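Asks: all I have is the shape, not the residue letters:
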């Protein structure tokens, strides 16, 4: 077990190194000039060149990247070009709202997805099964921006059930969280449906029924615990998908999280913030996958870590 965890941590560090390299390389190759963004359109070429030199943007790519890695190892994520603040401070002020929205969104995803998957599996090949699977397909296929705008207009403007946006109490959190939950629940509903149908045909389920156990007890004690196992690794993978949706949903609902910060930084070509948000997102994804993989080992003892 210790060797397995150490190996996974080593792989995770390599993944994070690759993420920083690819992100920095892509930002280095874009034609936009952060120095010009800071100086303004009316600035002279000399002023722009001075700003570029102060920020180290006139250095070759490898020197910029090595300097960034050196600062990163010391816990320094750099300083925002536009906001003139430490990136770590900006991220710390935004990570709380993002974690709230992510936890609530994933909670709604699991609640909606698992419920729909169970019902569809128990009513398989029926009209209800087809309707639920069509709903899940529409959810995962809908663009986040369009779905968020429609949800905001219908539930906040037309019906007036929720605030128009902003950050505050539970009433501000529910609509964006439910929107994210509905959009992502389709993956879980399809996976739970397939897994439950497979488990329902296993020999030990027929044995449990032959012993006279009630349907509810068979489902709760034998079917669901085995059918839920494939969902656990999916949660770790889902964090990456979720982060991409947060950028759009936070911008639409005015939620002051990492997604909104990243969107503003992209518009302003604020490279330190873009790299910082990407790095933090990568850490969240890697940790989520690591925790999910370890959780599967405890839930399903049949998995042999010596073979992984």
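Replies: That came in fine, so what should we check first? Remember, predicted model here, so these are calculated numbers, not experimental data.
Asks: every contact and neighbour count from this point should use C-alpha atoms.
Replies: Fine.
Asks: in what helix or strand does residue 193 lie?
Replies: Using DSSP states H and E, residue 193 falls within helix 170-200.
Asks: and that helix, what's buried?
Replies: Buried residues in helix 170-200, counted by 16 or more other CA atoms under 10 Å: 172-197, 199-200.
Asks: now swap in stretch 2-22 and tell me
Replies: Quick answer for stretch 2-22 (16+ other CA under 10 Å): 8, 12, 16, 19, 20, 21.
Asks: likewise for stretch 53-69?
Replies: 57, 64, 65, 68, 69.
Asks: just stretch 116-128 next, same as before
Replies: Neighbour-count burial for stretch 116-128, counted by 16+ other CA under 10 Å, picks out 116, 117, 118, 119, 120, 121, 124.
Asks: give me the buried positions along stretch 141-149.
Replies: 144, 145, 147, 148.
Asks: for residue 85, grab the count of nearby residues.
Replies: 13 (other CA atoms under 10 Å).
Asks: that one reaches residue 91, doesn't it?
Replies: No: here residue 85 does not reach residue 91: they are 10.4 Å apart, not a contact under CA atoms under 8 Å.
Asks: how close does residue 16 get to residue 278?
Replies: 10 Å (CA to CA, to the nearest Å).
Asks: averaged pLDDT, the host helix or strand of residue 25. What do you get?
Replies: According to DSSP H and E, residue 25 maps onto helix 2-29. The average pLDDT within helix 2-29 is 79.
Asks: summarise which helices and strands that helix is packed against.
Replies: helix 61-73, helix 271-299 (3 or more CA pairs under 8 Å, 6 or more residues apart in numbering; DSSP states H and E).
Asks: show me where the chain dips below the pLDDT cut-off.
Replies: Applying pLDDT under 70 to the chain flags the ranges 1, 4, 32-33, 37, 40, 240-241, 243-245, 296-308.
Asks: tell me, how many residues neighbour residue 216?
Replies: 10.
Asks: kindly report the same for residue 255.
Replies: 25.
Asks: how about it, secondary structure?
Replies: Secondary structure, DSSP: H, G, I helix; E, B strand; the rest coil: residue 255 is coil.
Asks: ok, now residue 43?
Replies: coil.
Asks: let's have the helices and strands packed on helix 2-29 in CSV, adding distance to residue 160.
Replies: Formatted as CSV, the helices and strands packed on helix 2-29 follow (distance: least, CA to CA, whole Å):
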stretch, distance to residue 160
helix 61-73, 46
helix 271-299, 33
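Asks: nearest to residue 158, of those helices?
Replies: helix 271-299 (34.6 Å; CA to CA).
Asks: tell me which residues touch residue 276, please.
Replies: Residues in contact with residue 276, defined by CA atoms under 8 Å, 6 or more residues apart in numbering, are 77, 87, 88, 91.
Asks: I'd like to know how far residue 41 sits from residue 160.
Replies: For residue 41 relative to residue 160 (CA to CA), the value is 43 Å.
Asks: what's the answer for residue 219, then?
Replies: Residue 219 is 40 Å from residue 160, by CA to CA.
Asks: looking at the two, which one has more neighbours?
Replies: Between residue 219 and residue 160, residue 219 has the larger neighbour count (other CA under 10 Å), namely 18 against 12.
Asks: which residues touch that one?
Replies: Contact analysis of residue 219 by CA under 8 Å, 6+ apart lists nothing.
Asks: and it, that one's in a helix?
Replies: Yes: according to three-state DSSP, residue 219 belongs to a helix.
Asks: of the buried residues of stretch 141-149, closest to residue 47?
Replies: residue 145 (38.5 Å).
Asks: is that closest one within a helix or a strand, and which one?
Replies: Per DSSP H and E: residue 145 is located in helix 144-151.
Asks: which elements pack onto that helix?
Replies: Using 3+ CA pairs under 8 Å, 6+ apart, the elements in contact with helix 144-151 are helix 170-200, helix 231-253.
Asks: do that again at 7 Å, thanks
Replies: Here helix 144-151 touches helix 231-253, going by 3 or more CA pairs under 7 Å, 6 or more residues apart in numbering; DSSP states H and E.
Asks: now the helix it packs on against helix 271-299, angle please.
Replies: Going by axes from the mean of the first three to the mean of the last three CA atoms, to 10 degrees, helix 231-253 is angled at 150 degrees with respect to helix 271-299.
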